[in-house]
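K.L.:
build me a structure from this.
(one chain, ligands or ions: 2)
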Amino acid sequence: GAKWTYNGPEGEHHWSKHYPYCGGAFQSPIDIKSELLRFDPTLRPIEIQNYNLLPNEQLTLGNNGHSVQISLPSKMHISSLPHRYTAAQLHFHWGSSSRPAGSEHTVNSKQYAAEMHVVHFNSDKYPNMSMAVDKSDGLAVLGVLIEVGEFSPTFEQFLRFINGIKYRDQRVQVPGFNIRAMLPARLDEYFRYDGSLTTPPCYPSVLWTVFRNHVTISRKQFLDMATALYSSHAQESSPVPLNGNFRRPQLADSRVVLVSFKE
Ligand SMILES: NS(=O)(=O)c1cc(-c2ccccc2)cc(-c2ccccc2)c1
Ligand SMILES: [Zn+2]
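P.N.:
Ligands and ions are numbered 1, 2, ... in the order given. Below is the predicted model:
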């Protein structure tokens, strides 16, 4: 598809020229604010399977020019939704060293340092991700808000390889690790709403689950992620730093955000 960026002439306010859904309804992210919330007692704890990967299971860590992503094995899936949602990849959105706030979802206008998205597709109904990506029940993304604080040994499992993917389209193999440990402790406390991909083509195909509780990484880990990568290819003469790769909150319109917890 057409080139898109987070700032400048191909920035988010221009996405809808080439990607019409980006200007449509049910867009993500949103500001999760109190007046939108409604407690839903039917929301069950998120149940995930096979997230605890062993070191002999290699994962592909890559720089796709817009984010750092890790490919995930198809045995990983969410088992507590009406259909099985099979894991495809996880990736991050972050700020910059000068502006450390870079989450996509905000909570009562609070923007966190970064955000992780674990992307799954409805493998009961669709044979692969490409067939699912533009269907209203196609995708389920788990969102984890990230703050700077305590060092995360789990994040270190892939961050230690980040200098091998400094430039666009570079990939390295990394040993599997426990992806469950990247999620907050409480999988029963989350926000739920119908939304979209937060990048072009912005298909309104995502069942969003944003966990109530954030996780932490150290300032050095945040700076490693926010300063190590470029969105340009290695051979390009002028390297373009990859940071600030977050879309601003979109209009909620008449959407309600369901919450699985009472207080
Ligand atoms: N932010 S997100 O969760 O809505 C998202 C989902 C997917 C996605 C991935 C697989 C299948 C289907 C959708 C891809 C991206 C993406 C991020 C950076 C650059 C390009 C694409 C972002
Ligand atoms: Zn994302």
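K.L.:
if I look at the residue in the stretch 1-150 of the chain that ligand 1 sits nearest to, what pLDDT would I see?
P.N.:
Using Cβ to the nearest ligand atom, the point where the stretch 1-150 of the chain gets nearest to ligand 1 is His66, with a distance of 3.2 Å. Placement of C-beta: from N, CA and C, glycine included. At His66, the pLDDT value in this model is 96.
K.L.:
chain neighbours aside, what residue packs nearest to it?
P.N.:
Using Cβ to Cβ, 6 or more residues apart in numbering and skipping residues adjacent in sequence, the residue nearest His66 is Asn245, 5.8 Å away.
K.L.:
in the stretch 151-263 of the chain, which spans are helices?
P.N.:
Listed from the start of the chain, the stretch 151-263 of the chain has helices (DSSP state H, counting those that start in this stretch) covering 153-159, 219-227.
K.L.:
sorry, back to before: measure the residue of the stretch 1-150 of the chain closest to ligand 1 to Pro184 for me?
P.N.:
As defined by Cβ to Cβ, to the nearest Å, His66 lies at a distance of 25 Å from Pro184.
K.L.:
kindly report the same for Leu207.
P.N.:
Here Leu207 is placed at a distance of 19 Å from Pro184 (Cβ to Cβ).
K.L.:
now swap in Asn163 and tell me
P.N.:
As judged by Cβ to Cβ, Asn163 and Pro184 stand 28 Å apart.
K.L.:
and Phe158, by the same measure?
P.N.:
Relative to Pro184, Phe158 is positioned 18 Å away (Cβ to Cβ).
K.L.:
same question for Trp208.
P.N.:
According to Cβ to Cβ, Trp208 and Pro184 sit 16 Å apart.
K.L.:
neighbour count winner among the two?
P.N.:
A direct count of neighbours by other Cβ atoms under 10 Å for Trp208 and Pro184 places Trp208 higher, at 24 against 14.
K.L.:
how many residues are close by the spatially closest residue to the more buried one that is not a sequence neighbour?
P.N.:
Distances taken as Cβ to Cβ, 6+ apart place Gly195 nearest to Trp208, at 4.7 Å, with adjacent residues excluded. When counting by other Cβ under 10 Å, one arrives at 26 neighbours for Gly195.
K.L.:
just to check, Gly195 is in contact with Cys202?
P.N.:
No: taking contacts as Cβ atoms under 8 Å, Gly195 lies outside contact range of Cys202: 9.7 Å.
K.L.:
now for these two: what residues contact both?
P.N.:
For the pair Gly195 and Cys202, residues contacting each of them under the criterion Cβ atoms under 8 Å, 6 or more residues apart in numbering are Gln27.
K.L.:
tell me who's in contact with the residue nearest to Trp208.
P.N.:
By Cβ under 8 Å, 6+ apart, the residues touching Gly195 are Phe26, Gln27, Ser28, Pro29, Ile30, Pro204, Val206, Trp208, Arg255.
K.L.:
name the nearest residue to Ala36, ignoring sequence neighbours.
P.N.:
Wrong residue type there; residue 36 is Leu, not Ala. Residue nearest to Leu36 in three dimensions, not counting chain neighbours: Val257, with 4.5 Å by Cβ to Cβ, 6+ apart.
K.L.:
should've said Ala2
P.N.:
For Ala2, ignoring the flanking residues on the chain, the nearest one in space by Cβ to Cβ, 6+ apart is His18 at 3.9 Å.
K.L.:
so the one you found touches Cys202, yeah?
P.N.:
No: here His18 does not reach Cys202: they are 10.6 Å apart, not a contact under Cβ under 8 Å.
K.L.:
pLDDT value on Glu263, please?
P.N.:
Predicted confidence (pLDDT) for Glu263: 85.
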